Structures are given as C-alpha cells and as structure tokens.
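# Predicted model and sequence below, questions to follow.
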There are 2 protein chains.
Amino acid sequence: MARFEIHDRLRIDAHTLGRFQLCHLLLHKNAVLPWFILVPETDAADLLDLPEDLRNSAVNEAAFVSDFIKGTLGYPKTNFASIGNVVPQLHLHVVGRRADDPCWPAPVWGNLHQIQKYSTPELRRFTGLLGRYPTFKVAMR
Amino acid sequence: MARFEIHDRLRIDAHTLGRFQLCHLLLHKNAVLPWFILVPETDAADLLDLPEDLRNSAVNEAAFVSDFIKGTLGYPKTNFASIGNVVPQLHLHVVGRRADDPCWPAPVWGNLHQIQKYSTPELRRFTGLLGRYPTFKVAMR
C-alpha cells in the first residue's frame, strides 16, 4: 500500500499535531475556537462506511479529543461531524463550543468569520498536554 | 427514571419513524434530501460523552441508516454529525448527499432553503423498507 498522505487542503488549513493509533490529529489554524480534525488512515470516504472495529476506534480517538477540549481547555460542549463534501479524504471534526463563542449557535462550517492564529508556544502547549493520552504521539515540538 | 420524551423541537421538525434498540429514528420533514435524526435514550448531551458501549451502539445504528440511504435510496455519500447547539437533547444527523443536490457542497444545517414535503405513502415506503433491519421497530404505518 502506498504511504498514507494527508490531503493537501487539510495540511494547508490545519497544523499537524501528531497521531493516535488510527487517526492523525490536526488542529484548524483558526484559533478562535479549538477545532480539531482527525484523519484516520483509511481509503473509506464516509465514517459510517468504515468496518465496525475501525469506526469504533476512530470515534474513540475523537472522544479523547472531546475529553481534552472539555477537561483541559474548559469548553462545556463539543460538536462532532464527518462531512467531507469539499475535502474527499475522510476526516472527523471535533470542535469546542460555548454559548458566548463568536459563531454560536451556528455550526462552524461556513460560519466562522472571525480569524485568529495560534502562536508556536500555544501549539507546543497543546501537544504537551495531549501527550498525557497514552496513545498520542506528538509530530511537532 | 421518568419516561423518555423526544424534544418538542425535534417532534415538530421531523416525522417519528420508529426505533432501533438504543435510538429513536426520526426523518426531517424536509424531503429535499433524506435527512434522518437518531435520538438515543440518554441524558448525555454530547455523543462523545456517552460511555463507550452506548456510543458504539448509537454510531452502529447510525451506520444502519447510512447503509439504507446509500444502498436503498441510492445516495453516494452521507454526512454524519452530532451538534446540538440549538436543541440540547442528544441527536445524530445522518444525511444523504450527492453532488447535484440543492445544497451541495454546503452542510445542510442553515443552508437547505428549498422545501419539499413527504407524502404519507412515501413515509410508509420508508418505514416498510427500514423494517428489513432486524432491530428496527416501526412506530407509524
């Protein structure tokens, strides 16, 4: 099998933080909200097409990210979605939300017009904190 | 425990078709796209907060619906999401999509402006076909 490559569009829009056992973990470059993107190493296009064991693993890794957003970053709510109408490579969104965020209550896709960037120390802080999840391997330091 | 009630907003926006073992199955009243909504019987607000076994069951039932949308209704793609910023009761969207649909490539939430209604025979046809899934129990005939 050819080496798995993350889609160019995702690489451009997001920072590559590292990976869990199945999914690469990206962070959308817009820092207005904690918007994580998981990319499982598969050729399937839709989450619900994955074989049950892989699907459960992917959703379980998304749950680690949701736990991180709530428990560490302090957001009360996460939105979870697998859409892929624009970028055909399967990817899962896990987005921290709160009632005073700039996009609430609209979903982020197409509605997040405010822009903010992460600093390198902020990205290092995120990867450092994510390193507490035993199956997470940091890609950047 | 009090009897589980589907949130009024979901009851108003969708037809109640029946239920799987964990989730009630609703169909959004807008017939422009096959837009199914699963409501698991739980008090958790976010999919990724559910205990792993319940989460896997809910996603597995969503996968039956995706299989129905693709295999029976002939849509090549499904979008899957759990958002809940407006309706706080946990619910999962499974939506059939194709590149020539009226909303493509935008997600349906907030972007589906065309409206069409289901006829009673169409709803009966859906529930009849869904009855092929062994764990599905029809609520309306």
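All right, it came through fine. The structure presented is a predicted model; accordingly, all values stated were derived computationally and were not measured.

# What are the boundaries of the helices in chain A?
Taking DSSP state H, the helices of chain A run over residues A:8-13, A:52-67, A:120-130.

# can you tell which of these is closest to A:Cys23?
The closest of the helices of chain A to A:Cys23 is helix A:52-67. By Cβ to Cβ, the value is 4.8 Å. Heads up, the C-betas are built off the backbone N, CA and C, glycines and all.

# Contacts for the closest one next, please.
When contacts are defined by Cβ atoms under 8 Å, 6 or more residues apart in numbering or on different chains, helix A:52-67 is touched by residues A:20-23, A:25, A:36, A:38, A:40, A:42, A:44, A:47-48, A:50, A:78, A:80, A:92, A:94, A:133, A:135-136, B:46, B:48-49, B:52, B:55-56, B:59-60, B:63.

# where in chain A is pLDDT low?
Scanning chain A for pLDDT under 70 picks out A:1, A:140-141.

# Show me what from chain A comes close to chain B.
Residues of chain A found near chain B (Cβ under 8 Å from any Cβ of the partner chain) are A:45-49, A:52, A:55-56, A:59-60, A:62-63, A:65-67, A:77-86, A:94, A:97, A:104-107, A:109-111.

# Of the residues you listed, just the buried ones, ChimeraX syntax please.
The command below creates a ChimeraX selection of those among the residues of chain A next to chain B that count as buried (16 or more other Cβ atoms under 10 Å in any protein chain shown):
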select /A:46,47,48,49,55,56,59,60,62,63,65,66,77,78,79,80,81,82,83,84,85,94,97,104,106,107,109
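
# before we move on, the earlier item: could you work out which of the helices of chain A reaches nearest to B:Ile12?
helix A:52-67 (28.7 Å).

# how far does stretch A:97-117 stretch from start to finish?
This stretch, stretch A:97-117, spans 18 Å end to end (Cα to Cα, to the nearest Å).

# who's in contact with it?
Residues outside stretch A:97-117 that contact it (Cβ under 8 Å, 6+ apart): A:29-33, A:35, A:75-79, A:81, A:83, A:93, A:95, B:81, B:83, B:85-86, B:106-107, B:109-111.

# Just the strands from chain A, written as ranges.
A:14-19, A:23-28, A:35-40, A:77-82, A:92-97, A:137-138 (DSSP state E).

# Mind checking these for the one nearest to A:His7?
Taking Cβ to Cβ, strand A:35-40 is the member of these nearest to A:His7, at 7.8 Å.
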